[in-house]
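Enquirer: just to be clear, the model below is a prediction. Sequence and coordinates:
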Amino acid sequence: MSDLLFAESEWSFACLDRTYKAIEEIALGDLKLEVYPNQIEVISSEQMLDAYSSMAMPLMYNHWSFGKMFAREETMYRAGYSALAYEVVINSSPCISYLLEENTMTMQALVMAHAAFGHNHFFRNNYLFRQWTNAEGILDYLAFAKKYVAACEEKYGRDEVEAVLDSAHALMDQGVFRYRRPPRPSKERVIEKMRARAQYEEESYNELWRTLPAGIEPPHAAPIVDAEDDFSGDMKLPEENLLYFLEKHSPSLKAWQRETLRIVRNLAQYFYPQKQTKVMNEGCASFVHHAIMNILYDRGWISEGSLLEFLHSHTSVVFQPEFDDRRYYGINPYALGFGMMSDIKRICEDPTAEDRDWFPQFAGNGDWVGTLKDAWANYRDESFIEQFLSPKLMRDFRLFSLFDKADDSAYRVSAIHNELGYRKVRQLLARQYDVSLNEPNIQVKSADLKGNRRLILEHKMHRGVPLNGKTKEQVLAHVEHLWGHDVGLSETEAD
Amino acid sequence: MTHFIDRRLNPKGKSLGNRQRFLRRARTQIREAVQKSLKDSSVADLEKDRKVRISTKGTREPRFRLDPKAGGEHDFVLPGNKEFTPGDEIKKPPSGDGGGAGKQASDFAEGEDDFEFTMTQDEVLDIFFEDLELPNLVRTTLKETPNKTWKRAGITTSGSPTQINLIRTMRNAQGRRLALHRPKLKDIASLEAELHALENAPEVDRERVVALKEEIARLHAKRKWVGFIDPVDVRFNAFAEHPVPTSQAVMFCLMDVSGSMGEREKDLAKRFYMLLHLFLKRRYERVDIVFIRHTHDAQEVDEQEFFYSRQSGGTIVSTALDKMLEIQKARYATADWNIYAAQASDGYTQSGDARRCVEMLNDDIMPLCQYYAYIEILDEREMEVFASDESGAELWRAYRTVAETWPNFATKRISKPADIFPVFRELFRKAEAA
């Protein structure tokens, strides 16, 4: 009698459950992961397409861009150009992961290890997610957003709502707080608001209501216009969060339009940590699934056949084509993340002299679980690479850096994977993952509220790289739509 | 505790709302693309899903992007170095983002000028028919969603009390009572009588009394758990919704099959009928087609014969109209049917016959018809000769007079497949003023 969890490639719910329990035992016991409770959903391919055409969220307000995405993905998928993602996982509590019904049992095990434990652990522990996202609240918020947008469509017409959403989506990248939290209303402000409300109720009180028979409620007081939503003069400039600024200060928006901007802004903020941790997040999940699947095999719980099947798909996921390969499409976050984390494990267990030199703090400490967990919790892509990318891995990837000046006719190789270049390559690669350097730094510089109401935005160029002219005009048109008056954008060299 | 949830059976089409919004948004581009794709394909292909390629104009999602090609300087790291050492120079690819190097910063969203996706047949047709409308149609009857009626659909175990099927329920109850041996009141009564008799007897048989009492108690208890009627017996009548055809149409296809109509002419006519049929199918739940071919006399035939068998003889158009009237009277009462007629001919008829046709149309046929379309199939040379509507063969001129009296009578000339779509559109153009 073997201990195999499953012998066939077909899956069943009983089998999923059995396998889940085994994976959980390893994940919590051996890898000491800390995860949100899991909720695992089996879905069809259509539902999978649906899920990732709506920002990978289980419920989302309606917008044509999601329909466009779906149409595109579906055509690609049906034509066989692209395979479906094996999994989608949502940073929520309970953590929802989707299993595709077509997957084999081995793949289901892989996906559970990857999403339900790898990603889940990362979501729960990484500082960016802990600080900036609210896993408990997101599903409720999405439900609210969906309902709110639908109600607005009903009330103000689809075109109106679509116009606001279009414009808001165009500014999503500029709709996040990178460094500070949104200002909360101060205590005095809150008290003042309550007082105003009481006063309003008092003023709108009608003696006649006292004559109503018991049990009949007087009509509710009309909602008082929230001073927070109101157009107010005191702007704190410069402001990096364009959506926030427009929501608070645009002279032409109505309350529902401000609320819609807030919804889009909140989503942008919710996704911002994911943007900054692509390598780490995927690396963590890949490392975890790799470890778990191997332990499953070592304990005789999965067969050699499924191990091979797993390895086949694992290697294609963490495959890194070289830059001159036709398949090259940037550095594969799965490959880099998985590579670095496996490398950390190696350094902990079996360091070379070079590793001891570069990583005295943890080389040879034997505690790779602790070291990795610390990395997963306290770093983002940029700092993670800056801290943990080892010379060995740079050699393995054969990384080299190019310097590019727009006017030059050639790129110049500035550093390669050798003794002289390690630090430079590592630093440049880390920069490459610094979202704040790779997205245009655009701020609200001034808004002439008393005069012609012209809004001035400023793009502080990093090393002289300007905005793409075509999309600039298109996005500015959207800003103008939200602001309601003239908008200008100047590009200046950052000091 | 983990929850596995099976979502596969959740209702489909969650993204339908988004899709509709997308189609609506890209309407202009999609329409252009669909029209073009229809023009290039044969009519029979209408009933298929098709891929359309639209430009992303109108569905752009612009974001601020950095453009390192336009100015400034930057560094980037690539994997897979083979022969480079610091200081080497690599020529930039000419322009556009060919080649692996350097597309890092601009690999997203730009350059997607075209966009291909699949539209279902329904979506394609909706666009095609969008601004077409059958004339003289009672709009209200068409706009109505199809009526539903409830029809019996057997028996179920759940339902509302008003729909209890008594006979079934009682039959089940009786079967169950028999199978479980429910004690009859009569039997209990006789036992009780015996008991009574025993108790009043001078010599009391104690054991028998106890046994009887126990027996009676047991029977009472059993009557309790084997109820007269039990929930498992209850059956309900089930009803299911069935659509009631609210509107039905019959389409008469009339065609001259005399020697002068060649393959080409018939093919053109066929395409026209197919389109008309498709169109009616979308407007009516039920569409009947009657094929009437004629030479010097007319016959009702099936489709195969209509288009493919040959017949020789003269040409008397009015025989076909006679036949149509006859069939209509026999099978398609105007109260229940919308009547459409489409006639294709090369325009030749026996002299004098045209006048009779006009009389029949004016007096008998047009009052019945929602629409009567006459297409005259010419070859391209003739098309040039008869460039103006005034000139033409006898039948054409005669029919022109009908068209003047009846707004729902249309005459058109076509000479090549490409003419069909425009003609069709014109024939059924939305009555602007109406």
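Expert: Thanks, I have it. Residues are numbered from 1 along each chain as shown, chains lettered A, B, ... in the order given.

Enquirer: so which residue of chain A comes closest to chain B?
Expert: For chain A and chain B, the shortest gap (Cβ to the nearest Cβ) falls at residue A:322, measuring 2.5 Å. Glycine gets a C-beta too; all of them are placed from N, C-alpha and C.

Enquirer: what's around that residue, how many residues?
Expert: Per other Cβ atoms under 10 Å in any protein chain shown, the neighbour tally for residue A:322 reads 15.

Enquirer: need the contact list for it.
Expert: Residues in contact with residue A:322 (Cβ atoms under 8 Å, 6 or more residues apart in numbering or on different chains) are A:328, A:398, B:79-80, B:82.

Enquirer: could I have the buried ones of the residues you listed as PyMOL selection syntax?
Expert: This is the PyMOL syntax for the buried subset of the contacts of residue A:322, where burial follows 16 or more other Cβ atoms under 10 Å in any protein chain shown:
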select buried, (chain A and resi 328+398) or (chain B and resi 79+80)
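
Enquirer: where does the stretch 51-200 of chain A have low pLDDT?
Expert: For the stretch 51-200 of chain A, applying pLDDT under 70 flags the ranges A:80-86, A:180-200.

Enquirer: which residues of it lie near chain B?
Expert: Within the stretch 51-200 of chain A, the residues that sit near chain B (Cβ under 8 Å from any Cβ of the partner chain) are A:53-54, A:62-68, A:70-72, A:74-75, A:78, A:94, A:98, A:101, A:158, A:162, A:166, A:169-170, A:172-174.

Enquirer: closest residue of chain B to chain A?
Expert: residue B:80 (2.5 Å).

Enquirer: correct me, but that residue touches residue A:332?
Expert: No: Residue B:80 lies out of contact with residue A:332 (Cβ atoms under 8 Å); the separation is 11.8 Å.

Enquirer: closest to residue A:34 among the contacts of residue A:322?
Expert: Using Cβ to Cβ, residue B:79 is the member of those that lies nearest residue A:34, at 33.0 Å.

Enquirer: which ones are touching the residue nearest to the closest one when sequence neighbours are not counted?
Expert: Spatial nearest neighbour of residue B:79, excluding adjacent residues (Cβ to Cβ, 6 or more residues apart in numbering or on different chains): residue A:397 at 4.5 Å. Counting by Cβ under 8 Å, 6+ apart, residue A:397 touches A:320, A:336, A:339, A:417, B:79-80.

Enquirer: which element is the nearest residue to residue A:336 once chain neighbours are set aside on?
Expert: Ranked by Cβ to Cβ, 6+ apart and with sequence neighbours excluded, the top spatial neighbour of residue A:336 is residue A:279, at 5.2 Å. Following DSSP states H and E, one finds residue A:279 within helix A:278-298.

Enquirer: how much space is there between residue B:5 and residue B:368?
Expert: Here residue B:5 is placed at a distance of 59 Å from residue B:368 (Cβ to Cβ, to the nearest Å).

Enquirer: more neighbours, those two?
Expert: residue B:368 (17 against 13).

Enquirer: three-state assignment of that one?
Expert: Here residue B:368 is coil, with the state taken from DSSP: H, G, I helix; E, B strand; the rest coil.

Enquirer: and for residue A:32?
Expert: Quick answer, by three-state DSSP: residue A:32 is coil.

Enquirer: strands of the stretch 51-200 of chain A, residue ranges please.
Expert: A:87-90, A:95-100 (DSSP state E, counting those that start in this stretch).

Enquirer: which one, of the ones you listed, ends up nearest to residue B:19?
Expert: Here strand A:87-90 is closest among these (Cβ to Cβ), at 19.5 Å.
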